[in-house]
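Peer 1: Quick one, what's the 3D model for this:
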Amino acid sequence: MPHTPALIYFKRVNDAQKSTAKLEFLEKASSLRGIEWQELQPDERHTWITEGMQADFESFLPIGRKEAKAEKNVNVPTIFKNYGRGVATCRDDWAYDFHKNILIDKIHLFIDTYNKEVDYWKRRGNSSSKVDDFVSYEDTKIKWSRDLKLDLQRGRYASFSDEKVRVALYRPFCKQFLFFDRILNEEVYHFLKYFLHLRARLRML
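Peer 2: Residues are numbered from 1 along each chain as shown. A predicted model of the protein is given here:
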């Protein structure tokens, strides 16, 4: 079934106005029908606020491209040949904290709980029970995820190390301590590769 393009209506008020003046404008309008709308026409990139924009975006050098990540495409113009997501923990409340000591305490509790579950799993032998029915869901002690359950089934124990406590940029301009670990982080993506490459380059200086 074909989709009918949406109609986009826009009304701009003076950005320098105080909030009280904007609220007075809405009060006088009383309803949507009381506002004189401008109908907008999105461009080919579906950008709908285009006033004053220059049509030079497509000429910019891209920061990264999927084609450039493929090893065979070495001549694709881009700033970075490789890129990736940041660390995905699937348990940010456990793996991040503004306070290092609090983070360490949380991680010790988490690891102790998880390793006990690994012990229980190993002792159960070849029982046919499903891992989802086996694990204990206590949010105050542990947070399960797909990969953590797989590590449990593989009998992999977690371990603490001070070197795994890193300073990370959790959000733009928001630094926190992160427990950087293959087991407690759901995915680390390319980060280990980047760190190893950086360390090798620094040793060359």
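Peer 1: Out of the helices and strands in the chain, which is least certain?
Peer 2: Counting by mean pLDDT, DSSP states H and E, the chain has its least confident helix or strand at helix 191-204, which shows a mean of 69.
Peer 1: Does Ala95 touch Phe179 like I think?
Peer 2: Yes: contact criterion Cβ atoms under 8 Å: Ala95 and Phe179 qualify, at 5.0 Å. Every C-beta, even on glycine, is put in place using the N, C-alpha and C of the backbone.
Peer 1: Mutual contacts of those two, please.
Peer 2: 103, 107, 185 (Cβ atoms under 8 Å, 6 or more residues apart in numbering).
Peer 1: Report the beta-bridge partners for the residue lying closest to the second one once chain neighbours are set aside.
Peer 2: The one in question is Ile107. Excluding the flanking residues, the one nearest Ile107 by Cβ to Cβ, 6 or more residues apart in numbering is Phe179, at 4.9 Å. In this structure, Phe179 bridges to Val165 when assessed by DSSP bridges.
Peer 1: so how far is the lengthiest helix in the chain from its chain's centroid?
Peer 2: In the chain, with assignment by DSSP state H, the single longest helix is helix 100-123. Offset of helix 100-123 from its chain centre (Cα atoms, centre = their mean, to the nearest Å): 24 Å.
Peer 1: I'd like the next helix or strand past that helix.
Peer 2: Tracing the chain past helix 100-123, the next element assigned as helix or strand by DSSP states H and E is helix 131-134.
Peer 1: starting at the chain centroid, how far to the helix or strand just after that following helix?
Peer 2: With elements assigned by DSSP H and E, the helix or strand that comes after helix 131-134 is helix 146-153. Chain-centre distance of helix 146-153: 21 Å, with Cα atoms, centre = their mean.
Peer 1: ok, residues contacting helix 146-153?
Peer 2: 90, 114, 117-118, 121, 131-132, 135, 158, 183-184, 186-187.
Peer 1: can you put the shared contacts of Ala95 and Phe179 in JSON lines and add distance to Ala16?
Peer 2: Compiled in JSON lines, the shared contacts of Ala95 and Phe179 are given as follows (distance: Cβ to Cβ, whole Å):
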{"residue": "Leu103", "distance to Ala16": "44"}
{"residue": "Ile107", "distance to Ala16": "49"}
{"residue": "Asn185", "distance to Ala16": "46"}
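Peer 1: Please, a PyMOL command that selects the buried ones among the residues you listed?
Peer 2: Restricted to buried positions by 16 or more other Cβ atoms under 10 Å, the PyMOL selection for these reads:
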select buried, resi 103+107+185
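Peer 1: and Lys66, how many residues sit next to it?
Peer 2: For Lys66, the neighbour count with other Cβ atoms under 10 Å is 10.
Peer 1: swap in the one 3 residues further on?
Peer 2: When neighbours are defined as other Cβ under 10 Å, Lys69 has 16 of them.
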